[in-house]
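Colleague: This is a predicted model, with the sequence first.
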Amino acid sequence: QVQLVESGGGSVQAGGSLRLSCAYTYSISCMDWFRQAPGKEREMVAGIRARGGSAYYAGSVKGRFTISQDHTKNTLHLQMNSLKPEDTATYYCAADPALSGYCPSNYKYWGQGTQVTVSS
């Protein structure tokens with residue numbers, strides 16, 4: 001059982017920055033940040049893979065967001081710069097052991113979410 005606890009959300013003006021953190025019990029193969037805005041589908045924002053440490057980003061955040069992992073503190077971070085009003089959403093940390101060999105579309109473990117609000 002992997003427990004995930006997010007923190008760091010808040011309200012910021014457009015162009016500002018926020019850093020989200022996700023404390024986890026132990027690292028597994030697929031660790032991602034997702035977000036869901038009201039009335040919209042949940043989308044993957046950024047992910048990092050245990051094998052090779054590769055990072056992946058949605059096109060809408062590439063160049064503005066950076067995912068990182070601190071193995072000494074069991075924490076996953078999402079640095080969000082140049083925030084836009086369309087980044088407003090509840091952000092979730094999620095993890096999956098990828099038992100089938102790949103990261104699935106529906107992850108097994110989820111945090112409770114943290115709200116990010118960007119005003120224009």
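Modeller: Cool, got the structure. Numbering: from 1, shown residues only.

Colleague: Contact partners for D96?
Modeller: Each residue near D96 by C-beta atoms under 8 Å, 6 or more residues apart in numbering is listed here: 28-30, 103-104, 107-109. C-beta here means a position set from N, CA and C on the backbone, and glycine is covered the same way.

Colleague: do the same with Q112
Modeller: So, once contact is read as C-beta under 8 Å, 6+ apart, Q112 ends up touching 5-6.

Colleague: Next, give phi and psi for it.
Modeller: Backbone geometry at Q112, expressed as degrees, to the nearest 10, gives phi -80, psi -10.

Colleague: Now do it, the pLDDT please.
Modeller: According to the prediction, Q112 has pLDDT 96.

Colleague: Likewise for Y107?
Modeller: At Y107, the predicted lDDT confidence score is 94.

Colleague: any weak-confidence spans in the protein?
Modeller: Residue ranges of the chain with pLDDT under 70: none are present.

Colleague: before we move on, which element is the residue most central in space within it in?
Modeller: When C-alpha atoms, centre = their mean is applied to the chain, the residue found nearest the centroid is W33 (1.8 Å). Using DSSP states H and E, W33 maps to strand 30-36.

Colleague: In CSV, list the C-alpha atoms belonging to that strand.
Modeller: Extracted in CSV, the C-alpha atoms of strand 30-36 (Å, rounded to 0.1, in the frame of the first residue of the first chain):
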residue,chain,number,x,y,z
CYS,A,30,5.1,5.2,-12.2
MET,A,31,4.7,8.4,-10.3
ASP,A,32,2.7,11.2,-11.8
TRP,A,33,0.9,14.5,-11.2
PHE,A,34,-2.6,14.7,-12.6
ARG,A,35,-5.1,17.6,-12.5
GLN,A,36,-8.8,18.0,-12.9
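
Colleague: what helices or strands is that strand leaning on?
Modeller: Counting contacts by 3 or more C-beta pairs under 8 Å, 6 or more residues apart in numbering; DSSP states H and E, strand 30-36 packs against strand 18-24, strand 43-49, strand 75-80, strand 89-96.
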